[in-house]
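>>> Predicted model and sequence follow; I will ask about them next.
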Amino acid sequence: MLTSVCVVPATPLLVPRVGGAEGALPELRGRVLATVGAMSAGADAWFVVGAGEAGDGLPQDGISRYPAAPSTGSFVGFGVDVRVTLDGGAESAPAASMALPLLIAGWLRGAVAPELRPRHPVRGMRVGRAAPREKCVESGRALRREIDARPERTGVLVIGDGPSTLTAKAPGAFDQRARPLADEVAAALTDGDAAALIRLDPRQCARVGLDVRAPLQVAAGLVGDDRVQTGHQSVQWPYGVAYYTGLWSV
């Protein structure tokens with residue numbers, strides 16, 4: 001049964017030690033942990049919907065489950081050997097290239113209070129950055145049917161970033177088209193407006209580096225016409241990249 005959809009950023013800078021001894025984004029980290037804690041208070045299982053990554057073997061317009069991999073991963077690729085697990089079991093040798101959304105989910109799993117951790121292994125799907133909106137929505141509908149057929153209460157973690165072109169020093173440099181799109185996504189999350197997320201144009205989003213567009217459209221299909229209760233909504237862009245947090249309770 002679906003209980004909620006939680007949106008969080010895909011930045012490894014959430015993790016202490018990756019961005020320095022205490023981490024680079026303590027305020028954002030606090031918001032994310034509060035939001036995920038609220039999701040997990042009503043969930044026994046987590047399902048990740050993450051943005052596809054360059055070199056992961058997924059076609060840019062594809063959608064698939066994450067390939068089977070060891071349940072332990074590490075942020076060593078980001079400079080620090082911070083290990084995470086997706087199932088809470090004994091730590092095994094970490095996967096050499098666990099997808100970033102799964103790494104973030106594993107870190108969140110260990111960072112929330114023990115009583116809030118999912119009782120089942122974290123599962124998930126990856127969504128290519130160029131996946132057509134209709135394909136995303138249909139994948140969300142199919143995922144909803146699957147989740148509702150299972151007995152456990154499931155919270156869905158949407159992990160990805162907004163435009164990466166909001167300032168001159170942003171990773172994608174400045175693009176004046178980025179701010180209106182960033183605000184459009186923020187308003188849709190605040191209003192619980194799935195239809196507004198479905199209307200996002202893939203090409204426009206790609207131009208400004210709005211990588212979470214496709215995962216959000218999967219989430220919109222997942223929620224469908226349900227009325228949702230929103231909470232914990234925020235957006236920050238400390239490095240010229242929009243980092244969204246938000247919770248939709250179904």
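Ah, there it is. Predicted model, so just to flag it, every value in this text is computed and none were measured.
>>> Give me the below-cutoff pLDDT ranges for this structure.
20-23, 89-93, 95-96 (pLDDT under 70).
>>> tell me the centre residue of it?
Ile159 (0.9 Å; Cα atoms, centre = their mean).
>>> Run a quick neighbour tally on Leu103.
Leu103 is flanked by 27 other residues according to other Cβ atoms under 10 Å. No exception for glycine: its C-beta is placed from N, CA and C like everyone else's.
>>> I'd assumed Ala10 was in contact with it.
No: using Cβ atoms under 8 Å, Leu103 is not in contact with Ala10; the gap is 9.2 Å.
>>> can you pull the buried residues of the helix or strand containing Thr3?
Element membership for Thr3 (DSSP states H and E) is strand 2-8. For strand 2-8, burial by neighbour count (16 or more other Cβ atoms under 10 Å) applies to 2-8.
>>> gap between that strand and the chain center?
9 Å (Cα atoms, centre = their mean, to the nearest Å).
>>> Adding distance to Arg213, write the buried residues of strand 2-8 out as TSV.
Converted to TSV, the buried residues of strand 2-8 look like this (distance: Cβ to Cβ, whole Å):
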residue	distance to Arg213
Leu2	21
Thr3	24
Ser4	21
Val5	15
Cys6	17
Val7	12
Val8	15
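>>> returning to what we had before: what are the buried residues along the helix or strand following the strand holding Thr3?
Next in sequence after strand 2-8, counting helices and strands by DSSP H and E, comes helix 26-40. Along helix 26-40, these residues count as buried under the neighbour rule (16+ other Cβ under 10 Å): 28-29, 31-40.
>>> Summarise which helices and strands helix 26-40 is packed against.
Judged by 3 or more Cβ pairs under 8 Å, 6 or more residues apart in numbering; DSSP states H and E, helix 26-40 is in contact with strand 2-8, helix 100-111, strand 154-159, strand 229-236, strand 243-249.
>>> for the longest one, which positions count as buried?
Judged by neighbour count using 16+ other Cβ under 10 Å, the buried positions of helix 100-111 are 100-109, 111.
>>> Could you tell me the angle between that helix and strand 154-159?
With axes from the mean of the first three to the mean of the last three Cα atoms, to 10 degrees as the basis, helix 100-111 and strand 154-159 are set at 120 degrees to each other.
>>> would you put the C-alpha positions of stretch 110-129 in PDB?
This file holds the C-alpha atoms of stretch 110-129, laid out as PDB (Å, rounded to 0.1, in the frame of the first residue of the first chain):
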ATOM      1  CA  GLY A 110      21.100   4.700   8.500                       C
ATOM      2  CA  ALA A 111      20.700   8.400   9.400                       C
ATOM      3  CA  VAL A 112      17.100   8.300  10.500                       C
ATOM      4  CA  ALA A 113      16.100   7.000  14.000                       C
ATOM      5  CA  PRO A 114      16.300   3.200  14.300                       C
ATOM      6  CA  GLU A 115      12.600   2.900  14.800                       C
ATOM      7  CA  LEU A 116      12.000   4.700  11.500                       C
ATOM      8  CA  ARG A 117      14.100   2.500   9.400                       C
ATOM      9  CA  PRO A 118      12.300   0.300   6.800                       C
ATOM     10  CA  ARG A 119      11.800  -3.300   7.700                       C
ATOM     11  CA  HIS A 120      12.400  -4.500   4.200                       C
ATOM     12  CA  PRO A 121      15.300  -4.000   1.800                       C
ATOM     13  CA  VAL A 122      15.200  -0.800  -0.200                       C
ATOM     14  CA  ARG A 123      14.200  -1.400  -3.800                       C
ATOM     15  CA  GLY A 124      14.000   1.000  -6.700                       C
ATOM     16  CA  MET A 125      13.900   2.000 -10.300                       C
ATOM     17  CA  ARG A 126      16.000   4.400 -12.400                       C
ATOM     18  CA  VAL A 127      14.500   6.700 -15.000                       C
ATOM     19  CA  GLY A 128      16.400   8.000 -18.000                       C
ATOM     20  CA  ARG A 129      16.700  11.800 -18.300                       C
END
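>>> Noted, bye for now.
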